[in-house]
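Participant: I would like to see how this sequence folds:
(one chain, ligands or ions: 1)
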Amino acid sequence: MIASATKKTSVYKSYALHNYRQIPQISRLTEEHIKAIDVVGHVLPFKSNNYVIDELINWEDVPDDPIFTLTFPRKEMLLPEHYKKMEDAIDSGASKDELKRVANEIRAELNPHPAGQLEHNVPMIEGHRLTGMQHKYRETVLFFPSQGQTCHAYCSFCFRWPQFVGMDEWKFGMRETELLVKYLQEHTEVTDLLFTGGDPMIMKNKIFAAYIDTILEADIPNLQTIRIGTKSLGYWPYKYLTDDDAEDTLKTFEKIVKSGKNLAIMAHFNHPAELSTKAVKNAIARIRATGAQIRTQSPLMRNINADPDIWATMWREQVNLNCIPYYMFVARDTGAQHYFKVPLVEAWDIFRKAYQQVSGVCRTVRGPSMSASPGKVQVMGVSEVKGEKIMTLRFLQGRDPDWVAKPFFAKYDEKAIWLNDLEPAFGEEKFFFEDELKNIYNEHITEESRANFE
Ligand code: SF4
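Facilitator: Coordinates of the predicted model:
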């Protein structure tokens with residue numbers, strides 16, 4: 001039974017706006033839900049696949065099933081005025097170009113590049129902006145290989161959504177590994193290279209291995225860890241089982257480990273359902289057998305996983321499968337954030353209640369953490385000091401490494417959902433990092449963009 005299910009789903013088939021009505025299970029949805037897929041799917045990226053549909057979604061529970069919500073558009077994901085604008089355009093029989101124009105207008109209002117990604121993090125070499133890279137934290141360079149700018153399915157909350165909706169001027173991506181190598185050689189402070197996207201594991205091994213070979217051949221002594229940020233284990237574990245280059249991909253992993261570098265697969269799992277199939281368990285075992293580590297991370301999202309029991313179950317199962325729980329993130333200030341957002345105080349409460357349920361081996365996880373403009377900021381808790389209710393925070397990563405691990409304090413605010421909603425506690429005028437952050441920005445931004453300075 002399982003063997004035949006594996007055979008049936010192990011040939012990848014994607015579904016998007018143009019063909020999702022062919023999915024047999026869609027007949028369970030009401031006309032209203034189907035219309036919402038059409039309307040929202042014109043604005044936010046939409047792609048699912050046969051593994052997600054046949055093995056992960058519990059169709060008895062649709063539309064509220066968390067994995068359905070994770071990959072299928074729902075009406076509430078757009079603000080009512082945006083929904084109406086797109087719905088009206090579709091109902092009026094607008095042309096393809098007109099629909100695109102309306103969609104782009106709405107997208108522009110959804111903070112397409114949160115946390116200063118375009119303005120402040122793009123490194124330079126020999127006077128060229130390396131637009132397929134980001135260097136925000138001293139030790140880590142992010143690399144966006146141009147063939148890895150899509151995913152096996154799209155998460156409805158994705159903060160990288162501009163990558164997927166054809167807005168070229170908003171895309172990262174570069175082919176030049178040579179420039180990357182040069183940058184890593186010149187910046188000896190960099191120890192970690194993170195392949196990200198989209199999903200770099202969407203790349204065929206031939207392409208992925210070409211990047212890796214160039215990097216390994218350059219023998220860069222400061223480079224210690226190669227990380228791969230991927231959701232392939234959640235969305236397409238057959239990548240490591242039955243795809244035609246599954247064996248070769250695993251060999252490339254092995255090659256990295258044998259070269260003496262640490263290989264860390266930064267696996268993105270949002271819900272325990274994604275850890276439950278035979279396929280994902282086998283894929284994890286095969287990756288672990290190459291010597292790679294698997295670290296796990298996910299944002300905390302209303303309507304998907306905003307419940308301490310879900311997180312505790314997920315962390316336990318990850319450890320059982322030999323993975324290392326790593327991050328709980330707060331939903332970023334972009335895209336459908338209004339639908340997924342969990343205020344910071346509540347996020348901390350969920351984290352704490354989950355953390356209390358698990359043993360020390362699961363407590364490698366850190367969170368809840370915001371990847372905000374100045375750095376990764378963890379909400380450490382709520383306390384009362386001399387009658388003032390406060391929130392304690394700290395940097396897990398900072399644009400200035402000196403900020404890391406210093407606690408700082410904000411006024412208690414149970415509605416705040418992001419760092420810039422918070423105000424300093426104890427009557428202070430600003431947080432300790434603000435002046436220096438301005439200096440850092442001033443060094444990196446051009447005259448034209450100074451007007452938009454955060
Ligand atoms: S897998 Fe990552 S990059 Fe791809 S849609 Fe999901 S969150 Fe975005």
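
Participant: for the helix or strand harbouring W315, packing partners?
Facilitator: Element membership for W315, per DSSP states H and E: helix 308-320. For helix 308-320, the contact count by 3 or more C-beta pairs under 8 Å, 6 or more residues apart in numbering; DSSP states H and E identifies strand 293-300, strand 324-330, helix 344-355 as packing neighbours. Using the backbone N, CA and C atoms, a C-beta is placed for each residue, glycine as well.

Participant: name the residues that touch that helix?
Facilitator: 269, 271-272, 275-276, 296, 298, 300, 305, 324-325, 328, 350-354, 357-358, 361-362, 365 (C-beta atoms under 8 Å, 6 or more residues apart in numbering).

Participant: quick one: name the residues of this protein near the ligand.
Facilitator: For the chain, the residues in contact with the ligand (C-beta under 6 Å from any ligand atom) are 151, 154-155, 158, 160, 197-199, 231, 268.

Participant: if you rank these by neighbours, which is first?
Facilitator: Y154 (30 neighbours; other C-beta atoms under 10 Å).

Participant: buried sites along stretch 187-206?
Facilitator: Neighbour-count burial for stretch 187-206, with 16 or more other C-beta atoms under 10 Å as criterion, is recorded at 187, 190-203, 205.

Participant: pLDDT score assigned to Y137?
Facilitator: According to the prediction, Y137 has pLDDT 89.

Participant: list the contacts for N222?
Facilitator: N222 neighbours (C-beta under 8 Å, 6+ apart): 184, 187-191.

Participant: just the strands in the stretch 151-300 of the chain please.
Facilitator: 192-195, 225-230, 262-268, 293-300 (DSSP state E, counting those that start in this stretch).

Participant: out of those strands, nearest to V122?
Facilitator: Distance to V122, taken as C-beta to C-beta, is lowest for strand 192-195 among these, at 15.1 Å.

Participant: strand partners (parallel or antiparallel) of that closest one?
Facilitator: Pairing partners of strand 192-195, with direction, according to DSSP bridges: strand 140-143 (parallel), strand 225-230 (parallel).

Participant: can you list the low-confidence ranges for the stretch 151-300 of the chain?
Facilitator: 159-175 (pLDDT under 70).

Participant: OK, now which residue of the stretch 351-454 of the chain is nearest to the ligand?
Facilitator: Going by C-beta to the nearest ligand atom, the ligand is nearest to S371 of the stretch 351-454 of the chain, at 12.2 Å.

Participant: what angle separates the helix holding W315 from strand 293-300?
Facilitator: 170 degrees (axes from the mean of the first three to the mean of the last three C-alpha atoms, to 10 degrees).

Participant: pretty sure F46 sits against C151.
Facilitator: No - the criterion here is C-beta atoms under 8 Å, and F46 misses it with C151 at 11.6 Å.

Participant: quick one, phi psi at the residue of the stretch 1-150 of the chain found nearest the ligand?
Facilitator: Residue of the stretch 1-150 of the chain nearest the ligand, by C-beta to the nearest ligand atom: P45 (6.9 Å). P45 adopts backbone torsions of phi -70, psi 140, taken as degrees, to the nearest 10.

Participant: got the strands paired with strand 192-195 as a markdown table, with mean neighbour count columns?
Facilitator: Formatted as a markdown table, the strands paired with strand 192-195 follow (neighbours: other C-beta atoms under 10 Å):
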| stretch | mean neighbour count |
| --- | --- |
| strand 140-143 | 22 |
| strand 225-230 | 22 |
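
Participant: and of those strands, who's closest to E429?
Facilitator: Per C-beta to C-beta, nearest to E429 of the strands paired with strand 192-195: strand 140-143, 31.8 Å.

Participant: from the chain's centre, how far out does that closest one sit?
Facilitator: With C-alpha atoms, centre = their mean, to the nearest Å as the basis, strand 140-143 stands 14 Å off its chain's centre.

Participant: repeat for stretch 234-251
Facilitator: On C-alpha atoms, centre = their mean, the centre of stretch 234-251 falls 21 Å from that of its chain.

Participant: name the residues of it that come out as buried.
Facilitator: Buried residues in stretch 234-251, counted by 16+ other C-beta under 10 Å: 234-243, 245-246, 249-250.

Participant: also stretch 367-382?
Facilitator: Those would be 367-380, 382, for stretch 367-382 by 16+ other C-beta under 10 Å.

Participant: lowest pLDDT pick from these?
Facilitator: In terms of pLDDT, S373 ranks lowest among the buried residues of stretch 367-382, with 86.

Participant: and what about it, helix, strand or coil?
Facilitator: coil (DSSP: H, G, I helix; E, B strand; the rest coil).

Participant: now the one 5 residues further on
Facilitator: Recorded secondary structure, Q378: strand (three-state DSSP).

Participant: swap in M391?
Facilitator: With three-state DSSP as the criterion, M391 reads strand.

Participant: the spatially closest residue to it that is not a sequence neighbour: neighbour count?
Facilitator: Leaving aside its chain neighbours, M391 sits nearest to A410 (4.6 Å; criterion: C-beta to C-beta, 6 or more residues apart in numbering). A410 has 22 neighbours, counted by other C-beta under 10 Å.

Participant: in the helix or strand that A410 is a member of, what counts as buried?
Facilitator: Using DSSP H and E, A410 sits in strand 407-411. Within strand 407-411, the residues scored as buried using 16+ other C-beta under 10 Å are 408-411.

Participant: before we move on, the earlier item: from A283, how far out is the residue of the stretch 351-454 of the chain closest to the ligand?
Facilitator: Distance from S371 to A283, counting by C-beta to C-beta, to the nearest Å: 27 Å.

Participant: can you pull the contacts of the closest residue to A372 other than its chain neighbours?
Facilitator: In space, and not counting its chain neighbours, A372 is closest to L419: 4.2 Å by C-beta to C-beta, 6+ apart. Shown in contact with L419 (C-beta under 8 Å, 6+ apart): 370, 372-374, 377, 393.

Participant: grab the nearest non-local neighbour of Q357.
Facilitator: Nearest to Q357 is A312, by C-beta to C-beta, 6+ apart, at 4.0 Å.

Participant: pull the CA atoms of whichever strand or helix holds Y441 into PDB?
Facilitator: Using DSSP H and E, Y441 falls within helix 434-444. Extracted as PDB, the C-alpha positions of helix 434-444 are listed here (Å, rounded to 0.1, in the frame of the first residue of the first chain):
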ATOM      1  CA  GLU A 434      19.600  53.200  17.300                       C
ATOM      2  CA  ASP A 435      22.300  55.800  16.800                       C
ATOM      3  CA  GLU A 436      24.800  53.300  15.500                       C
ATOM      4  CA  LEU A 437      22.200  51.800  13.200                       C
ATOM      5  CA  LYS A 438      21.700  55.200  11.600                       C
ATOM      6  CA  ASN A 439      25.400  55.500  11.000                       C
ATOM      7  CA  ILE A 440      25.500  52.000   9.500                       C
ATOM      8  CA  TYR A 441      22.700  52.900   7.200                       C
ATOM      9  CA  ASN A 442      24.300  56.200   6.200                       C
ATOM     10  CA  GLU A 443      27.400  54.400   5.200                       C
ATOM     11  CA  HIS A 444      25.500  52.100   2.900                       C
END
